[in-house]
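A.B. asks: sequence first, predicted model second:
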Amino acid sequence: GNIKTGLVVSMLLLTSISMLACTSNQMHRPDSVEEQSLYSLAFIEFDDQGELWAPSQLDRALALLQEKNRSESGVALALYIHGWNNSASQEEERDGKGSVWALRQILERLRVDYRRRFPNSDLPVVGIYLSWRGKVSSVPLVRELSFYNRRGAAERIAGPSATEAIYRILTTARENPGTRSVLIGHSFGSMILENALSQAVISALLVAPGEELVFPADLVVLFNPAGSAVRTKQLVDMLARNRLKTGAMSQ
């Protein structure tokens, strides 16, 4: 009796803590486009069912890319999809933390390095941050227990809406032959990116069978992927069959 009572009390306490510390399912960046001195940054957010919180965020991101794409040199585009225990919340990038902060460092480094190498040229740098509710709680134990819950959410987000958003961004970038695109997926974000790329490659193969495949991005980085190893292998095999180079990095 005492053991059962203790378990019930513990469960109620844990539930109460998780509810109090729960990260709300909401859009964090209604002003979804930023113009910084070294780069431009657009946010596109998805809800827990994989739907766009606001289709206008995608429209603004595409408009930003089209505007910067008018540059004669094209654009350096970095598209980032975060993983577990991250989101687009402003609080997460305070004190130099979170995926948004990490993307900002990547964009700044791209611009600084390009200026150093080509001082007489000015290449626009654009970042696009695809976000979902990867974090549901700030309580350590609850946060760790959310792994499978958030994997289920990522599987729903790795669907038509995210695939459409990524594909439209990449096709818009390709309107300028000088534009270079880097796609980065972290943790469950890798799974979302893999799904979108698989759909894009399969579509291209079906539309033009037997022709040389033009991959929609110049570089794809899957960092600490948390998706199915079988799915990753199938994507890598498909790329290899179409003479696209793949590789792995050890840490």
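C.D. replies: Structure received. These numbers were taken from a predicted model, which means no experiment stands behind them.
A.B. asks: now the strands for this structure?
C.D. replies: In the chain, the segments counted as strands under DSSP state E are 33-35, 40-45, 76-81, 125-131, 180-186, 219-223.
A.B. asks: enumerate every residue touching residue 93.
C.D. replies: Contacts for residue 93 were tallied using C-beta atoms under 8 Å, 6 or more residues apart in numbering; they are 100, 101, 104. For glycine as for every other residue, the C-beta is placed from the backbone atoms N, C-alpha and C.
A.B. asks: hmm, 10 Å instead?
C.D. replies: 86, 99, 100, 101, 102, 103, 104 (C-beta atoms under 10 Å, 6 or more residues apart in numbering).
A.B. asks: what does residue 128 give?
C.D. replies: Counted by C-beta under 10 Å, 6+ apart, residue 128 has contacts 32-33, 40-44, 57-58, 61-62, 64-65, 77-81, 103, 165-166, 169, 173, 181, 183.
A.B. asks: got it, and residue 37?
C.D. replies: Going by C-beta under 10 Å, 6+ apart, the list of residues near residue 37 reads 108, 111.
A.B. asks: what does residue 202 give?
C.D. replies: Applying C-beta under 10 Å, 6+ apart, the residues contacting residue 202 are residue 238.
A.B. asks: quick check on the contacts of residue 128: which are buried?
C.D. replies: 32, 40-44, 57-58, 61-62, 64-65, 77-81, 103, 165-166, 169, 173, 181, 183 (16 or more other C-beta atoms under 10 Å).
A.B. asks: would you agree residue 48 is in contact with residue 87?
C.D. replies: No. Residue 48 lies out of contact with residue 87 (C-beta atoms under 10 Å); the separation is 11.5 Å.
A.B. asks: which of the two has more residues huddled nearby?
C.D. replies: residue 87 (22 against 15; other C-beta atoms under 10 Å).
A.B. asks: quick one, what contacts that one?
C.D. replies: 23, 25-26, 28, 45, 98-100, 131-136.
A.B. asks: quick one: least confident helix or strand in the protein?
C.D. replies: Lowest mean confidence among the helices and strands of the chain (mean pLDDT, DSSP states H and E): helix 2-20, at a mean of 49.
A.B. asks: now do the helices in the stretch 51-200 of the chain.
C.D. replies: Using DSSP state H, counting those that start in this stretch, the helices of the stretch 51-200 of the chain run over residues 55-68, 98-117, 140-145, 147-157, 160-173, 188-207.
A.B. asks: just put those helices in CSV and tack on distance to residue 224 and mean pLDDT.
C.D. replies: As requested, the helices of the stretch 51-200 of the chain are exported to CSV (distance: least, C-beta to C-beta, whole Å; pLDDT from 0 to 100):
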stretch, distance to residue 224, mean pLDDT
helix 55-68, 25, 97
helix 98-117, 12, 93
helix 140-145, 16, 78
helix 147-157, 13, 89
helix 160-173, 19, 92
helix 188-207, 7, 78
